[in-house]
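*Asks:* Sequence and predicted structure are below.
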Amino acid sequence: MSETASERISIEAVIKASRLSRLDLTPAEVARMTSQLAGMLEHFADIDALDLSAVEPMTRPYPLSNVLRQDVVVQGLDRDEVLANAPAAEEGRFRVPPIVGLDG
Amino acid sequence: MFHQSLDWTVEMTTIPSTAAAIADAVRSGVLKATDVLEAHVARIAEREGEIHAFNLVTTDEARAAAERIDADVAAGRDPGVLAGVPIAIKDNMCTRGIATTCSSKILEGWRPPYDATVVQRLAAAGAVTIGKTNLDEFAMGSSTENSAFGVTYNPRDITRVSGGSSGGSAAAVAAGFSPISIGSDTGGSIRQPAALCGVVGVKPTYGTVSRYGLVAFASSLDQVGPFSTDVRDSALVLEAISGHDPMDSTSIPQGPLSLQGVLSQGVEGLRVGRITDMPGGADPDVTERLEAACDALQAAGAIMVDVQMPSMKYGLTAYYLIAPAEASSNLARYDGVRYGKRVNAPDTNAMYSATRSAGFGDEVKRRIMLGTYALSAGYYDAYYGKALKVRRLISEDFDRAYTRADVLLTPTSPIVAFPVGAKSDDPLAMYLCDVYTIPTNLAGHPAMSVPFGTGAFGLPVGVQIMAPTLGEQTMFRVAASLERSMIASSGGR
């Protein structure tokens, strides 16, 4: 299992995906996640046998696109009601911690 | 307690079991909405402790709504086609001012500032929301075991799962807590729990019911639909909630579905397709019920035809790449900024990660990770891109099949309700529960599960009827025919 697992997805790839996902995983969680994702990707390899070169991708089931409404003013959500749900708000805005230390 | 049960027995003789009959009685003044409500509140008090269908029972709000219905009737105003009918709403649909959790800790304390379109339309039709039902966190699961608030047990056997992800909505109807309920179906989340709990469950054509106010899981697959004890009630609810909504850009621009009128039309001459190369794995007790359903339809005048769906077996792979990919994007919004939980940290990025790590459960994390990986540079073409092409192949399989058949029949679930905990440690085994329900979500077609007898351990078995885009009328004719044959074979009910 672990041999196959390392072929399908590496520990490094799992750590990278967790960073992209904004999820902090403990080393034990990374190990378990790697093994579980590898098992799934192994199962999902069934589609590798298909020749899909001439197949168009399908992103949505019903052919609607660029749906626009009339450009008229409508009642939006109440600002105070929306902000009442925020973990922190100040002067009519969402309040967040300092935006520093971005992890590239 | 004994006294309460007696009261309920008395109530049962006067309160009908279907939404249609309740609404008729309330509209005509024969029954009061408040009495209907109290009978159901008593039933919840009696069994909710062992079933746990609800995250929240909204008794006070329901009483106020029922009083308004009674006042309307007294004043000569028609409260609507669902007058006084108690309804349970899956807890991933927004209810203004009432906690909506998606069974996740990350939405702790959130009170939506608006109602989902479905919730608005139900209220406008006179339905009385009785509570918010439990689900697998963010609708990710097939057993309602992945809820931050505990398992929903199957009313037919409380040692077993109710199915999922809309397990709470299915269990609420099966237990008689409400005659109808609302769920959402991304890969089978209405049909599979309906089958496991022995009730009717419908996933309509993608775009027929508004997704506005449904908390998004996988936006190209999610669709809202009803649970009920009989086929007519699901038709009634769908008529009330379907139809174009400008707030949902994927809503099909057409009026509501018209279904109740076709229920008595029968299936004479309809072509019912059996999929000869259907992926294996269904238990023999389940396939036996599928055969019985085919026989019943044939006896009612339907023509059985064989069709092939060579790509159907790849549905699971396509779905479990596409749905997590969409979920990883949709769930990016839970970052501790605008609503729900926040875990404080020195800077914003650390706050995002701390909040999401503490707020999401294991299965949600797994799917976000899988989706992020499938979309990430270097793997996009190998996984997500390929899955979208397989989605096309499956859709084309359906198109070919529907030139030969008007509807297709499969089991809804390969197995009857399984014991709680039996699949908790094996995500892939859980995913295999969705093998028959997933393909219609990929294609966007309608499908429904109708109870058709019992299998192993006397547990309910559901038969799935699938139809092409906007083929709801034909699908409901077949469902009604199966229901009639079940009633006939059991000597009425």
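*Replies:* The structure has been received and is ready for your questions.
*Asks:* Tell me which helix or strand comes right after the one helix or strand residue A:15 maps to.
*Replies:* Using DSSP states H and E, residue A:15 maps to helix A:11-20. As assigned by DSSP H and E, the chain's next helix or strand after helix A:11-20 is helix A:27-44.
*Asks:* Excluding sequence neighbours, find me the nearest residue to residue 98.
*Replies:* If you meant another chain, say so; for now it's chain A. What sits nearest to residue A:98 in space, not counting adjacent residues and going by CB to CB, 6 or more residues apart in numbering or on different chains, is residue B:347, at 5.3 Å. Every residue, glycine included, has its C-beta placed from N, CA and C.
*Asks:* ah, I was thinking of chain B
*Replies:* residue B:58 (6.1 Å).
*Asks:* Pull the contacting residues for the one you found.
*Replies:* Taking CB atoms under 8 Å, 6 or more residues apart in numbering or on different chains as the criterion, residue B:58 is in contact with B:98, B:129, B:130, B:131, B:132.
*Asks:* Can you pull up the most central residue in the chain?
*Replies:* No chain in the question, so chain A it is. residue A:21 (6.0 Å; CA atoms, centre = their mean).
*Asks:* oops, chain B please
*Replies:* The residue lying closest to the centre of chain B (CA atoms, centre = their mean) is residue B:190, at 2.3 Å.
*Asks:* Doesn't residue B:159 belong to a strand?
*Replies:* Yes. Assessed with DSSP: H, G, I helix; E, B strand; the rest coil, residue B:159 lies in a strand.
*Asks:* Alongside chain A, which residues does the stretch 1-150 of chain B contribute?
*Replies:* B:109, B:110, B:111, B:113, B:114 (CB under 8 Å from any CB of the partner chain).
*Asks:* Buried ones among those?
*Replies:* Neighbour counting with 16 or more other CB atoms under 10 Å in any protein chain shown marks B:110, B:111, B:113, B:114 as buried within the residues of the stretch 1-150 of chain B next to chain A.
*Asks:* right, is the host helix or strand of residue B:476 up against chain A?
*Replies:* Using DSSP H and E, residue B:476 falls within helix B:472-489. No. Helix B:472-489 is not in contact with chain A by CB under 8 Å from any CB; minimum separation 14.1 Å.
*Asks:* Against which helices or strands is that helix packed?
*Replies:* helix B:231-241, helix B:284-299, strand B:407-411, strand B:447-454, strand B:460-466 (3 or more CB pairs under 8 Å, 6 or more residues apart in numbering or on different chains; DSSP states H and E).
*Asks:* Quick one: residues in contact with the fourth one.
*Replies:* What it means is strand B:447-454. Among residues not part of strand B:447-454, those counted as contacts by CB under 8 Å, 6+ apart are B:190-192, B:194-195, B:198-203, B:231, B:234, B:289, B:292-293, B:412, B:416, B:437, B:440, B:460-467, B:475-476, B:479, B:482-483, B:486.
*Asks:* Could you check it and say which residues are buried?
*Replies:* B:447, B:448, B:449, B:450, B:451, B:452, B:453.
*Asks:* Starting from that strand, tell me which strands it pairs with and how they run.
*Replies:* strand B:200-203 (antiparallel), strand B:460-466 (antiparallel) (DSSP bridges).
*Asks:* just those: most buried one?
*Replies:* strand B:200-203 (a mean of 32; mean count of other CB atoms under 10 Å in any protein chain shown).
*Asks:* From the centre of the chain, point out the most distant residue.
*Replies:* Assuming you mean chain A. Within chain A, counting by CA atoms, centre = their mean, residue A:72 lies farthest from the centre, at 33.4 Å.
*Asks:* oops, I was thinking of chain B
*Replies:* residue B:346 (41.5 Å).
*Asks:* mind checking the backbone torsions on the closest residue in space to it that isn't next to it in sequence?
*Replies:* Using CB to CB, 6+ apart and skipping the chain neighbours, the partner closest in space to residue B:346 is residue A:97 (6.4 Å). Backbone dihedrals for residue A:97, given as degrees, to the nearest 10, come out at phi -70, psi 170.
*Asks:* go on, residue B:130?
*Replies:* Torsion angles, degrees, to the nearest 10, at residue B:130: phi -100, psi -10.
*Asks:* Per-residue pLDDT of it, please?
*Replies:* If you check residue B:130, the pLDDT there is 98.
*Asks:* and if you look at residue B:424?
*Replies:* 87.
*Asks:* Does the nearest residue to it once chain neighbours are set aside lie in a helix or a strand, and which?
*Replies:* The shortest distance from residue B:424 to any non-neighbouring residue, by CB to CB, 6+ apart, is to residue B:145 (5.8 Å). Following DSSP H and E, one finds residue B:145 outside all helices and strands.
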